[in-house]
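# need a structure here:
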Amino acid sequence: MFKKLFGKKTEESVPVNKEIVLFAPMNGSVVALEDVPDPVFAEKMMGDGLAIEPGEDTVYSPVDGEIVQVFPTKHAVGIKALNGAEILIHIGLETVGLNGEGFEAFVSAGDKVKMGDKLISFNQTIIKEKAKSTIIPIIITNSDDVESIVKTTETSLTRGETQFFKVTIK
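Below is the predicted model of the structure:
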């Protein structure tokens with residue numbers, strides 16, 4: 001379902017630099033994707049990645065790139081990094097049903113972002129009360145185009161400082 005978020009790749013869109021580092025988009029704790037209590041993420045149906053147990057209420061851009069999509073319910077955002085990696089940041093589990101309650105987006109599709117730019121803020125209290133979990137999966141959705149993903153071995157994340165992933169595109 002999400003693998004088609006970013007559209008077709010053209011020859012002109014092939015990146016010059018194939019490797020890019022994604023920095024922690026927020027303070028928090030690392031959760032292995034396999035430990036996310038949702039099979040869509042845990043079984044990597046949308047792609048590989050990691051998740052974060054949030055330590056703050058705002059998600060910042062982990063890379064320089066372009067916003068490809070902000071879901072109407074503001075619970076998720078898609079970013080295309082400069083190397084072509086397609087990143088889905090999904091705030092909470094089963095949060096689409098909140099219909100945007102507790103979320104505020106600071107970007108729109110087509111916006112260029114720099115690492116550290118504010119993307120979305122959210123109310124953890126509302127998510128804890130009305131959704132399944134506050135956990136935030138961060139997925140590389142175009143896994144067919146990825147040569148390698150090196151994940152952090154850190155357990156605690158510092159926004160903008162901890163290297164979260166290193167993604168190399170084929």
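
# For the protein, which segments count as helices?
Here the chain has its helices, by DSSP state H, at 39-42, 124-130.

# Which of these sits closest to Ala85?
helix 39-42 (17.5 Å; CB to CB). All C-beta atoms are positioned from the backbone trio N, CA, C, and that covers glycine.

# and the most centrally placed residue in the chain, what does it touch?
The residue lying closest to the centre of the chain (CA atoms, centre = their mean) is Ile89, at 2.4 Å. Counting by CB atoms under 8 Å, 6 or more residues apart in numbering, Ile89 touches Pro25, Val59, Pro62, Ala76, Val77, Gly78, Ile79, Leu119, Ile120, Ile136, Pro137, Ile138.

# For it, give the beta-bridge partners.
Val77, Ile138 (DSSP bridges).

# Looking at it now. What's its pLDDT?
Note for Ile89: predicted pLDDT of 98.

# The residue nearest to Lys128 when sequence neighbours are not counted: what's it in contact with?
In space, and not counting its chain neighbours, Lys128 is closest to Thr134: 6.1 Å by CB to CB, 6 or more residues apart in numbering. Shown in contact with Thr134 (CB under 8 Å, 6+ apart): Glu53, Pro54, Gly92, Gln124, Ile127, Lys128.

# gap between Cys94 and Val113?
Careful, residue 94 is Glu and not Cys. Distance of Glu94 to Val113, given as CB to CB, to the nearest Å: 26 Å.

# So for these two, which residue has more residues nearby?
Val113 (21 against 14; other CB atoms under 10 Å).

# Report the contact partners of that one.
Ser61, Val63, Asp64, Gly65, Glu66, Ile67, Ile79, Val107, Leu119.

# What about the fourth one, how many residues nearby?
Other residues within reach of Gly65 by the criterion other CB under 10 Å amount to 25.

# cool, and the first one?
For Ser61, the count of nearby residues is 25 (other CB under 10 Å).
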